[in-house]
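> got a predicted model here, sequence first, then my questions.
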Amino acid sequence: PVCIVWFRQDLRVIDNPALLAAVEHGTVVPVYIFDTELDEADQPGGASNWWLHHSLVSLNKRLNGHLQCFTGEPKKILSELVEKFSARAVFWNRCYEPAVIDRDKEIKQTLRERDCLVSSFNGSLLWEPMSIRKQDGGVYRVFTPYYRKGCLQASAPRYPSSAPERITYADVANEGHSIDDAGLLPEINWDSEFSKHWTPGEEGAADKLSDFIKHAAKGYEDQRNIPSVRGTSRLSPHLHFGEISPNQVWYALLNAFDDQGSSDLDCFLSELGWREFSYYLLFHFPTITDKNFNSQFDKFKWLNQDEKYTAWTKGRTGIPIVDAGMRELWQTGYMHNRVRMIVGSFLVKNLLIDWRKGERWFWDCLVDADRASNSASWQWVAGSGADAAPYFRIFNPVLQGEKFDKQGSYVKKYCPELANMPDKYLHKPWDAPKDVLQKAGVELGSTYPKPIADLKQSRQRALDAYADTKED
Ligand code: FAD
């Protein structure tokens, strides 16, 4: 019997439960659908589209050119394909965005009414959100008990499977359009640097994993906070698009460490746990994508500072570590986690700009843009989220820079106009005496911006704004 495998955020062949089940069931038609029915907020941003294009090209190669691409409404397209191919089954791996869950339920029902076997699988998470509950049946809101008690004690993650030994493709006419026809690549050439940093697809993901295991897994706990070194795995876009499963990553890391009690190992696995927690929150509290998790923040008086927001997006705030981060994002589609927290805190607290504006910018620019992790992390930074950083803990970007970019290599890489600044003033050029600036070839307001916020005053303003939300 013919079985359609609907690929979504699982663009891989190894450890793909839906594909494996389809191969066991019969002959396979692999399908990808560009969903035009999704809300605008859920449509992938520019950087994600760049990734998706290349990832689909890579998947199509892995499937010997059999991937069939369509654009439109998935329910309509799948119903038509079931008829055309006389398919008896449709399989896919589950997604957890609220709108997608509703849509998938509807599709399941429609296809089943046509006597089609429909099955969905867990291909993206170590522990699915519906399976983790507190002892009293409630939902966790705090990471550590969720992860340590809820997940780790519940069950070990499923062991990953290999690629199917052989995929037999159904002998059907090609109904789809080409990947190029989806028009995912940008018209203006802002992506020129991306391919230097990334190789979308299953092979690229496997390479990133083995590089990480070879060079950075040991030492992760210390090195993960230093943006100038390759101290983290850079697997996030590969995980987002499902080019590698978290199960593959989990077990590869367990195998790489002789000492299973290693704090580097524990720290890395718990970061995968944060990814799980984000999906858990999204599933149980679907409005986290655009509503404050903590409703006290609904009273927050955000400022509309369009010019300052633009300066932030362009990496021209005059605060070196913030600018370096925003430029890294623009150039590479990625930003180091420590710096994401710094630029986020600066936007939300020093500029008092609504976290949702930051979330949208990241959504468009990140190659790992992910509805669950992006929303949960922005709310964490803003203080409005579940288990968030307390609002009053406001990052000082100068101290953060001095601590995590001591030699300034990160700032100098992305803000080359500051390359000759002495270490002492690199993270606060506005404090440098005139002759030091002159010697370094820096003219504030000309070669490099003057700071758009006074860090001390804006910190106090943020605390006052927060205090106002408590008054009633
Ligand atoms: P590693 O340190 O190697 O971690 C391994 C994996 O664990 C990552 O690939 C990722 O899947 C997961 N992970 C690590 N940290 C987190 C975290 N805090 N929350 C959730 N998962 C985590 N991550 C995204 O994948 N997509 C996003 O859209 C996203 N937006 C963010 C926005 C803000 C404001 C902040 C502060 C963080 C955001 N993160 C997001 C989380 C984190 O910054 C990235 O996952 C991480 O930097 C990816 O780099 P890496 O793969 O080298 O991470």
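Structure received. Keep in mind that this is a model prediction, so the values were computed, not measured.

> for Thr27, list the residues it contacts.
Pro1, Val2, Cys3, Thr168, Tyr169, Ala170, Asp171 (CB atoms under 8 Å, 6 or more residues apart in numbering). Bear in mind the C-beta positions are built from the backbone N, C-alpha and C, glycine included.

> please indicate which of those are buried?
Neighbour-count burial (16 or more other CB atoms under 10 Å) applied to the contacts of Thr27 gives Val2, Cys3, Ala170.

> neighbours around the closest residue to Ser236 other than its chain neighbours, how many?
Leaving aside its sequence neighbours, Ser236 sits nearest to Asp368 (CB to CB, 6 or more residues apart in numbering; 3.7 Å). Using other CB atoms under 10 Å, Asp368 has 21 neighbouring residues.

> same check on Glu328?
Using other CB under 10 Å, Glu328 has 22 other residues around it.

> can I take it that it is in a strand?
No: read with DSSP: H, G, I helix; E, B strand; the rest coil, Glu328 is helix and lies in no strand.

> show the model's pLDDT score for it.
Each residue has a pLDDT score; the one for Glu328 is 97.

> that one: what's it in contact with?
Listed by CB under 8 Å, 6+ apart, the contact partners of Glu328 are Pro227, Tyr334, Met335, His336, Val339, Tyr414.

> report the separation between the second one and Phe362.
When CB to CB, to the nearest Å is applied, the distance between Tyr334 and Phe362 equals 11 Å.

> biggest strand in this protein by residues?
Counting by DSSP state E, the longest strand found in the chain is strand 27-35.

> buried ones in it?
Along strand 27-35, the positions that meet the burial threshold by neighbour count (16+ other CB under 10 Å) are Thr27, Val28, Val29, Pro30, Val31, Tyr32, Ile33, Phe34, Asp35.

> how about the next helix or strand after that strand and the ligand, touching?
With elements assigned by DSSP states H and E, the helix or strand that comes after strand 27-35 is helix 46-62. No: Helix 46-62 lies out of reach of the ligand by CB under 6 Å from any ligand atom, never closer than 9.4 Å.

> relative orientation of helix 46-62 and strand 27-35 in degrees?
Using axes from the mean of the first three to the mean of the last three CA atoms, to 10 degrees, the inter-axis angle of helix 46-62 relative to strand 27-35 is 170 degrees.

> contacts for helix 46-62, please.
The contact list for helix 46-62 (CB under 8 Å, 6+ apart) reads 7, 11-13, 32, 44, 66-67, 69, 179, 182, 184-186, 190-191, 194-195, 198-204, 237, 241, 243, 333, 364-367, 369.

> same question, stretch 163-178
Contacts of stretch 163-178 (CB under 8 Å, 6+ apart): 2-3, 13-14, 16, 19-20, 23, 26-31, 63-64, 66-71, 81, 84-85, 87.

> try 6 Å this time
Contact with stretch 163-178 is made by 2, 13-14, 20, 23, 27-29, 66, 68-70, 85, as judged by CB atoms under 6 Å, 6 or more residues apart in numbering.

> what is the nearest of those to Leu444?
Here the nearest of the contacts of stretch 163-178 to Leu444, counting by CB to CB, is Cys69; it sits at 50.8 Å.

> what separates that closest one from Tyr159, distance-wise?
Distance from Cys69 to Tyr159, counting by CB to CB: 32 Å.

> which one of the two has more residues nearby?
The residue with more neighbours, out of Cys69 and Tyr159 and counting by other CB under 10 Å, is Cys69; that gives 21 against 10.

> which residues does the more buried one form a beta bridge with?
Assessed by DSSP bridges, Cys69 has beta-bridge partners Tyr32, His177.

> what mean pLDDT does stretch 458-467 get?
The average pLDDT within stretch 458-467 is 95.

> export that stretch to CSV, keeping only CA atoms.
C-alpha atoms of stretch 458-467 as CSV (Å, rounded to 0.1, in the frame of the first residue of the first chain):
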residue,chain,number,x,y,z
SER,A,458,17.7,53.9,32.4
ARG,A,459,18.2,51.2,35.0
GLN,A,460,16.4,53.3,37.6
ARG,A,461,13.6,54.1,35.1
ALA,A,462,13.1,50.4,34.5
LEU,A,463,12.8,49.7,38.2
ASP,A,464,10.3,52.5,38.6
ALA,A,465,8.3,51.2,35.7
TYR,A,466,8.2,47.8,37.3
ALA,A,467,7.2,49.2,40.7
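
> and for it, what's in contact with it?
Lys301, Lys349, Asn350, Tyr391, Ile394.

> so which of the contacts of helix 46-62 belong to helices?
Among the contacts of helix 46-62, DSSP state H puts Phe194, Ser195, Glu202, Glu203, Gly204, Pro237, Asp364, Cys365 in helices.

> just checking, the third one touches Asp15?
Think Glu202. No: Glu202 is beyond contact range of Asp15, at 10.1 Å (criterion: CB atoms under 6 Å).

> now the residue lying closest to Val142 once chain neighbours are set aside: how far from Phe277?
In space, and not counting its chain neighbours, Val142 is closest to Asp387: 4.6 Å by CB to CB, 6+ apart. Distance, Asp387 to Phe277, using CB to CB: 8 Å.

> so which of these two has more stuff around it?
Remark: of Asp387 and Phe277, Phe277 carries more neighbours, 28 against 18, as counted by other CB under 10 Å.

> what's around the nearest residue to the more buried one once chain neighbours are set aside, how many residues?
Leaving aside its chain neighbours, Phe277 sits nearest to Phe143 (5.2 Å; criterion: CB to CB, 6+ apart). Other residues within reach of Phe143, judged by other CB under 10 Å, total 21.

> for Asn255, see how far away Phe143 is.
According to CB to CB, Phe143 stands 26 Å off from Asn255.

> returning to what we had before: between the buried ones among the contacts of Thr27, which sits nearest the ligand?
The nearest member of the buried ones among the contacts of Thr27 to the ligand, counting by CB to the nearest ligand atom, is Cys3 at 30.1 Å.

> so what's the closest one up against?
Ala22, His25, Gly26, Val28, Ala89.

> quick check, pLDDT for the nearest residue to the fourth one once chain neighbours are set aside.
In space, Val28 comes closest to Ala22 once its chain neighbours are excluded; the distance is 5.0 Å by CB to CB, 6+ apart. Turning to Ala22, the model gives it a pLDDT of 98.
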